[in-house]
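Student: Turn this into a structure:
(one chain, ligands or ions: 1)
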Amino acid sequence: MPRSIEDSTEARLDAFVSNTGHDGNLNYGLLNQQLQGLIDNETDAIANLANASALLWQELPKINWVGFYLLKQEQLVLGPFQGKPACSRITLGEGVCGTAAVMGRTIVVADVHQFPGHIACDLASKSEIVVPLWRNGQLLGLLDIDSPVIDRFDYLDQQGLEGLMQILLARLD
Ligand code: SME
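Tutor: Below is the predicted model:
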């Protein structure tokens, strides 16, 4: 069915302002460029983590929390984030974050209520993705994103977010 001029104009405008294509998928290539632009001339790790969380908060649809936990003395300690206040420390092996840290790989949870030991910081959260930050065989911390929608994160999100973290890792000295 042909779309009205208003509809197609609105769709083009959406794609222009929000990074989301007509298929509803996020343009991670564009997000990579935006992140690169934000962190290129900055060497401070906290500043770069803060801007990365703000960028993801601004651009990712259907999320209610995004931020970082940093590995300090065998605990995950809350770092820069956007969203409601969250638990300050997570023990390795606990919750989705602690599990991803121990397993050392990305975990995508379609329904957090089915995940044994899930730590509920915001009752609105229904699905979650956690991406560990590895550099030279060392775990620095992890990216954690919550969504109020069941099954929010697919393989494209996983690949896109892992790629973004590679860019960020180059500026976490
Ligand atoms: N849900 C996480 C805890 C951190 S909050 O989501 C911000 C977990 O189970 O590890």
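
Student: Closest residue of the protein to the ligand?
Tutor: Nearest residue of the chain to the ligand (C-beta to the nearest ligand atom) works out as residue 95 at 2.7 Å. Heads up, the C-betas are built off the backbone N, CA and C, glycines and all.

Student: which ones are touching that residue?
Tutor: 117-119 (C-beta atoms under 8 Å, 6 or more residues apart in numbering).

Student: for the ligand, what are the nearby residues on the protein?
Tutor: 65, 86, 90, 95-98, 118-119, 121, 125, 128, 144, 146 (C-beta under 6 Å from any ligand atom).

Student: returning to that earlier point: what about the closest residue to the residue of the chain closest to the ligand other than its chain neighbours, neighbour count?
Tutor: Of all residues not flanking residue 95 in the chain, residue 119 sits nearest, at 3.7 Å (C-beta to C-beta, 6 or more residues apart in numbering). When neighbours are counted by other C-beta atoms under 10 Å, residue 119 registers 17.

Student: How is residue 119 assigned, secondary-structure-wise?
Tutor: Taking DSSP: H, G, I helix; E, B strand; the rest coil as the rule, one finds residue 119 in the coil state.

Student: which residues touch it?
Tutor: 87, 90, 94-97 are the contacts of residue 119 under C-beta under 8 Å, 6+ apart.

Student: buried subset of the residues you listed?
Tutor: 90, 94-97 (16 or more other C-beta atoms under 10 Å).

Student: Can you show me the helices along the protein?
Tutor: Secondary structure of the chain (DSSP state H): helices located at 5-18, 28-39, 45-59, 95-103, 155-169.

Student: quick one, phi psi at the residue nearest to residue 95?
Tutor: phi -100, psi 120 (degrees, to the nearest 10).

Student: Can you name the residues that contact the closest residue to residue 85 other than its chain neighbours?
Tutor: Spatial nearest neighbour of residue 85, chain neighbours left out: residue 121 (7.8 Å); criterion: C-beta to C-beta, 6+ apart. Residue 121 makes contacts with 65, 84-87, 146, as judged by C-beta under 8 Å, 6+ apart.
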